[in-house]
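K.L.:
Predicted model follows, preceded by the sequence.
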Amino acid sequence: MTVRDYAGTPPYPRFVSGSRAPATWGMWLVILTEGIFFALLFSSYLYLRSGATEWPQGGLKAPELLVPSILTVILLSSSIPMAWADMGIRRGNQMAVRAGFGIALTMGVIFLALQIHEYTRLEFRANTNAYASLFVVITAFHGAHLFVGILMNALTQVRAWAGHFTERRNLAVTNVALYWHFVDAVWIFIFLIVYISPHMG
């Protein structure tokens, strides 16, 4: 359902939420563009692995799965409060945005902190070999996207506490939630390709 906010006299409507709002199309374009970048990285990883006699290369161990599994649960679970916030504000529930975004923000920060801690335990550097380069680039690229999502989340929370959103004006909430879900979905592929696949021979 499209919502319009008439600034001035008709016929000059300004869409402030819904699928016809220009900002919604803009966010989908961002997601499509970034999705292509990730797809290229995944393709490079799989292509190099297909031609390698051993993977990981250079006698490196396959990545441990305990912490990445915990990270996966944390990040995917963070989509639940984001969805709650998005649905809540459409009913005018201000507290849903404040609480939902706050919970998701906390989970995102925990994810990044654990991921950075994992980097300190790696037995290789980004320039060790092709496997190491792809591992670091893919996971760091995703981490950068999550960091952007955290900043977007924080800014939207400030606006939410200032009372900027209603059941009719909530486009920013929806767009941040869309971006957050995208970052979460990408991690599923990272977990399967970068962490799980090296254990599969």
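P.N.:
Great, that's in hand.

K.L.:
Only C-alpha atoms from now on, for both contacts and neighbour counts.
P.N.:
OK.

K.L.:
Give me the neighbour count for Ala83.
P.N.:
Residues contacting Ala83 under the criterion other CA atoms under 10 Å number 21.

K.L.:
With the one 3 residues further on instead?
P.N.:
Residues contacting Asp86 under the criterion other CA under 10 Å number 25.

K.L.:
tell me the SS of Thr53?
P.N.:
Secondary structure for Thr53, judged by DSSP: H, G, I helix; E, B strand; the rest coil, is coil.

K.L.:
phi, psi of it?
P.N.:
Torsion angles at Thr53 (phi, psi; degrees, to the nearest 10) stand at phi -80, psi -20.

K.L.:
which residues sit against stretch 27-40?
P.N.:
The contact list for stretch 27-40, computed with CA atoms under 8 Å, 6 or more residues apart in numbering, reads 138, 175, 178-179, 182, 186.

K.L.:
no no, stretch 114-123
P.N.:
60, 67, 71.

K.L.:
of those, closest to Gln157?
P.N.:
Ranked by distance to Gln157 (CA to CA), the contacts of stretch 114-123 are led by Leu71 at 23.6 Å.

K.L.:
contacting residues for that closest one?
P.N.:
Residues near Leu71 by CA under 8 Å, 6+ apart: 111, 114-115.

K.L.:
One more: Ala185?
P.N.:
Here Ala185 is in contact with Leu76 (CA under 8 Å, 6+ apart).

K.L.:
so which helix or strand takes in it?
P.N.:
Per DSSP states H and E, Ala185 falls inside helix 171-190.

K.L.:
Identify each buried residue in the helix or strand encompassing Met95, please.
P.N.:
Assignment of secondary structure by DSSP H and E places Met95 within helix 94-119. By neighbour count on 16 or more other CA atoms under 10 Å, the buried set for helix 94-119 is 94, 96-105, 107-108, 111-112, 115.
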